[in-house]
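Engineer: sequence below, structure please.
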Amino acid sequence: VFIMPIGLYFENRSGRQSGLVVPSFFFSNANGVVFQNLGYYFALSDYYDLALTGDIYSRGSWGLHAASRYKLNYKFSGNFGIDYTKNKVGFSFAPDYYENSGFFVRWSHTQDAKARPNTTFGASVNLGTSDYLANNSYSSSYLTNQLNSSVSYTKSFPGSPFNLTVALRHSQNTSDNIVNITAPEASLSMNRIYPFKKISNNKEGFLSQFSVGYSVNTRNQISAPDSLLLMPSTFENMSNGMQHKVTTSAPVKFFKYFTFSPSFNYTENWYLES
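Structural biologist: From the prediction side, this is the model:
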């Protein structure tokens, strides 16, 4: 692939300005003459922007791209992008000619640590069709065969022993086209508490040392080829369930030299179908 940038002259101004995005020009054996990333940049505000660009191929392929960056000081920052392409590879009269379409979504979000001390939210998303990188990349990124995404939300409740975590996860192997999605996965945990400590007169006794811990985890999973991911039959085959765990313990000392530590662990699984 031979790449030659096109040089255009613009007046130099201070600060961010809206304007045309200068495309790159090159020739591809599979797609012919290519004008890549031709479009317009919008400097919408001091907090976010937007770039809308497109690709034009002389043999009929085309692509559309939208990208945005955002930042709010001391709160959060991130970027979002979505690409859609229609590929026509080769000549229409040749036996090896084929067409395909693909999309890719990128999202990165980071929350400032001081924004909400008891709550965190973060995202790292790389999701798309398996053949997108192979057909639309002109760098070593087309060698990537594993895509992963994670969106997570955690919250602690001051003054209580409870913590909540909610996550959405995605993994995708571009070699076998299998997509695994966990959406959602939620976990509520209770730190170990001592319910009888305040009413017990003996600080070393059984009641004062008696503790209880609890957690519940629920998960909804799906695994399917990317070509069937949005089919109704795929959603009918989702696997899901909920798991509860209760742990108790009450260590007690005998004769100052011996410790007896009885404990009880209970696990229960709930399934929505069998």
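
Engineer: when you work out contacts or count neighbours from here on, use the C-alpha atoms and nothing else.
Structural biologist: Noted.

Engineer: for the closest residue to G90 other than its chain neighbours, what are its contacts?
Structural biologist: Nearest non-adjacent residue to G90, counting by C-alpha to C-alpha, 6 or more residues apart in numbering: Y97, 4.9 Å away. Counting by C-alpha atoms under 8 Å, 6 or more residues apart in numbering, Y97 touches 88-91.

Engineer: in strands, which of those residues fall?
Structural biologist: Among these, the ones falling in strands (DSSP state E) are 88-89.

Engineer: out of the contacts of Y97, who's nearest S175?
Structural biologist: For these, the residue nearest S175 by C-alpha to C-alpha is V89; the value is 20.2 Å.

Engineer: hang on, the earlier thing: for ChimeraX, what selects the buried ones among the contacts of Y97?
Structural biologist: Only the buried entries of the contacts of Y97 go into this ChimeraX selection, using 16 or more other C-alpha atoms under 10 Å:
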select :88,89,90
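
Engineer: pipe the contacts of Y97 into a markdown table and attach pLDDT and distance to S149 per row.
Structural biologist: Shown next, in a markdown table, are those (pLDDT from 0 to 100; distance: C-alpha to C-alpha, whole Å):
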| residue | pLDDT | distance to S149 |
| --- | --- | --- |
| K88 | 83 | 29 |
| V89 | 78 | 30 |
| G90 | 74 | 33 |
| F91 | 76 | 36 |
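
Engineer: hmm, back to that, and the residue nearest to G90, how close does it get to A30?
Structural biologist: Using C-alpha to C-alpha, to the nearest Å, Y97 is found at 10 Å from A30.

Engineer: which residues do the two both contact?
Structural biologist: Counting by C-alpha under 8 Å, 6+ apart, the common neighbours of Y97 and A30 are 89-90.

Engineer: what about the stretch 151-274 of the chain, any weak spots by pLDDT?
Structural biologist: In the prediction, the stretch 151-274 of the chain carries residues with pLDDT under 70 at positions 200-206.

Engineer: mind listing the helices for it?
Structural biologist: Under the criterion DSSP state H, counting those that start in this stretch, the stretch 151-274 of the chain contains helices at 206-209, 232-236.

Engineer: out of these, deepest packed?
Structural biologist: Stretch with highest mean neighbour count among the helices of the stretch 151-274 of the chain: helix 206-209 (a mean of 20; mean count of other C-alpha atoms under 10 Å).

Engineer: who wins for proximity to G159 among the helices of the stretch 151-274 of the chain?
Structural biologist: G159 lies closest, by C-alpha to C-alpha, to one member of those: helix 206-209, at 20.4 Å.

Engineer: backbone dihedrals for the residue nearest to G90, please?
Structural biologist: Main-chain torsions, Y97, degrees, to the nearest 10: phi -70, psi 140.

Engineer: all good on my end, thank you.
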